[in-house]
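J.: everything below, folded, please.
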Amino acid sequence: MNDDGICLSSAEQLNSSCHCLSLNRKALQNQLIELDDTGDLYRMIVTDRPNLISDSAVFVSQECLNQQLKIIAALEQVIHMPAYQEYVLRYAPQTAQFLPKASGVFVGYDFHLSPEGPKLIEINSNAGGALINALVIRAQKACCEKVRGLQPGKVNFLQQLIDPPETLFMAMFHHEWQAERGTIPLQRIAIVDDKPETQYMLPEFILFKHLFKQHGIDAVICDPSELSYRDSAIWLGNLKIDLIYNRLTDFSLEEDNQKSLREAYLAGDVVLTPHPRNHAIYADKRNLIWLCNDDFLQIIGVEAHIRDILVQGIAHTFLVDAKDSKALWSERKKLFFKPAKGFGSKATYRGDKLTQQVFATILQHDYVAQTLVKPSERQLEIDHGIVNFKLDLRHYVYRGKSQLLCARLYQGQTTNFRTQGGGFAQIVVL
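T.: Next comes the predicted model:
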């Protein structure tokens, strides 16, 4: 029980009482040096980004995990319904109207754990961190007697000792390629982001480059402006690119520096994953308005038990309308505001932290409001003091199957990878 006499689950008890360090940094270092014996990769991940990876694990019950999987399965069923896609594509950009055969890698389902059960707070179309977490899983140790024998990062539906996450990831990229090109060999992948050398997740780009090369596929990292479109192909200098692993956050490819990429994609001359349609049907924040709306779900023919799972399992979301400003301001402390086309934590605001000036800006742009689901907590010992961290859970999903699960520990309004002791954390399922 806690101080208020409330009975806590085993997972909650461990999240508050186990202050151990479960990350074996020497094992992590050995893995990274095996990939890059210069030590540069280890320095980028551990030294330059000290709060990217947490030293501690997070505990989750099997029942809670099963609920998350039910929510994901229900969402996937609805998202693939033609009636749903037809509706959300009405407000999607023009590039999203193009229908590729590739599905889109690394859909991210993010959850907060409420007293009523897990609540989906958002879906992302190019969720980062999967390959970093795959490394960290193998650098875990049982931190104390309470959890000895439990496998960090091992989830009942992932046979990770048989099928390492990297194996699943490579099969996913090959599936994307084969969906578009059949039996033609995949020879070169470009990992593309704006000014990649300045990106916080640059180490993961490098990890993917190593992974692709280990499997016989040449790989490069570049900015979209470095690409040219000629002879019915995308080129980086004299290198022909077969597939682009898209890490851009301009999900519709509208910016000028993406002109070559946009033209080649719409002509079907390059395999792009994830792509604009993937974002449009999964990750536009306005989609959550309909995915948790029982009336809408009933109209498009969703079965009652699936509707119940979604209405209960998604944080209630609705469109911000300036004509409702008085009511929104009055109820703001119960709400979280997110830009409709946003990503990560960019321009998101907890209502209880809003100033009137920021609220006025929100009313002038496309925003959704979401019922505030306070994240659960993990207590850790930092500098000889007990510190409360907020946590969320992320599933990396491909074609409806969860490939990897991790937690993110943070302080403040949003996940930021800037908190001492925070960052990506491995899951121990009880």
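J.: show me where the stretch 101-250 of the chain has its strands.
T.: Secondary structure of the stretch 101-250 of the chain, counting by DSSP state E, counting those that start in this stretch: strands at 107-114, 117-124, 188-192, 218-222, 227-230, 233-236, 239-241, 243-246.
J.: so the fourth one versus strand 188-192, what angle?
T.: In terms of direction (axes from the mean of the first three to the mean of the last three Cα atoms, to 10 degrees), strand 218-222 departs from strand 188-192 by 20 degrees.
J.: and strand 218-222, what does it pack onto?
T.: strand 188-192, helix 202-214, strand 239-241 (3 or more Cβ pairs under 8 Å, 6 or more residues apart in numbering; DSSP states H and E). (Each C-beta comes from the backbone N, C-alpha and C, glycine too.)
J.: related to what we said a few turns ago, so for residue 319, which of the strands of the stretch 101-250 of the chain sits nearest?
T.: Residue 319 sits nearest to strand 117-124 of all the strands of the stretch 101-250 of the chain, at 15.2 Å, using Cβ to Cβ.
J.: who are the packing partners of the closest one?
T.: Packing partners of strand 117-124 (3+ Cβ pairs under 8 Å, 6+ apart): helix 62-79, strand 107-114, helix 287-291, helix 304-313.
J.: in JSON lines: these, plus mean pLDDT.
T.: Output for the helices and strands packed on strand 117-124, formatted as JSON lines (pLDDT from 0 to 100):
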{"stretch": "helix 62-79", "mean pLDDT": "96"}
{"stretch": "strand 107-114", "mean pLDDT": "96"}
{"stretch": "helix 287-291", "mean pLDDT": "97"}
{"stretch": "helix 304-313", "mean pLDDT": "98"}
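J.: closest to residue 244 out of those?
T.: Nearest to residue 244, of the helices and strands packed on strand 117-124 and by Cβ to Cβ, is strand 107-114 at 17.2 Å.
J.: now do that closest one: everything it contacts.
T.: If you take Cβ atoms under 8 Å, 6 or more residues apart in numbering as the criterion, strand 107-114 is touched by 60, 64, 68, 71-72, 75, 118-127, 274, 278, 282-283, 315, 373-376, 391-398, 402.
J.: surely residue 44 is in contact with residue 201?
T.: No. With contact defined as Cβ atoms under 8 Å, residue 44 does not count as touching residue 201 (10.3 Å).
J.: that older thread, nearest to residue 369, of the helices and strands packed on strand 218-222?
T.: Using Cβ to Cβ as the measure, helix 202-214 is the one of those that comes nearest residue 369, at 31.8 Å.
J.: ok, and the closest non-adjacent residue to residue 376?
T.: Excluding its sequence neighbours, the residue lying closest to residue 376 (Cβ to Cβ, 6 or more residues apart in numbering) is residue 113, at 4.2 Å.
J.: state the distance from that neighbour to residue 59.
T.: To residue 59, residue 113 is 11 Å away according to Cβ to Cβ, to the nearest Å.
J.: how about residue 321?
T.: 41 Å.
J.: try residue 107
T.: In terms of Cβ to Cβ, residue 107 sits 25 Å off from residue 59.
J.: those two: who's more crowded?
T.: A direct count of neighbours by other Cβ atoms under 10 Å for residue 107 and residue 59 places residue 107 higher, at 29 against 25.
J.: show me what the more buried one is bridged to.
T.: Per DSSP bridges, the residues bridged to residue 107 are residue 397.
J.: tell me the contacts of residue 187?
T.: So residue 187 contacts 217-218, 240, 242 (Cβ under 8 Å, 6+ apart).
J.: again, only using 10 Å
T.: Residues near residue 187 by Cβ atoms under 10 Å, 6 or more residues apart in numbering: 177, 216-218, 239-243.
J.: low-confidence ranges, the stretch 101-250 of the chain, go.
T.: Within the stretch 101-250 of the chain, the ranges that satisfy pLDDT under 70 run 142-162.
J.: go with 50
T.: Residues of the stretch 101-250 of the chain meeting the criterion pLDDT under 50: 152-161.
J.: can you pull the pLDDT of residue 345?
T.: Per-residue confidence (pLDDT) for residue 345: 60.
J.: do residue 415 as well
T.: The model's pLDDT for residue 415 equals 72.
J.: kindly provide the distance from it to residue 169.
T.: Using Cβ to Cβ, residue 415 is found at 22 Å from residue 169.
J.: I am finished for the moment; much appreciated.
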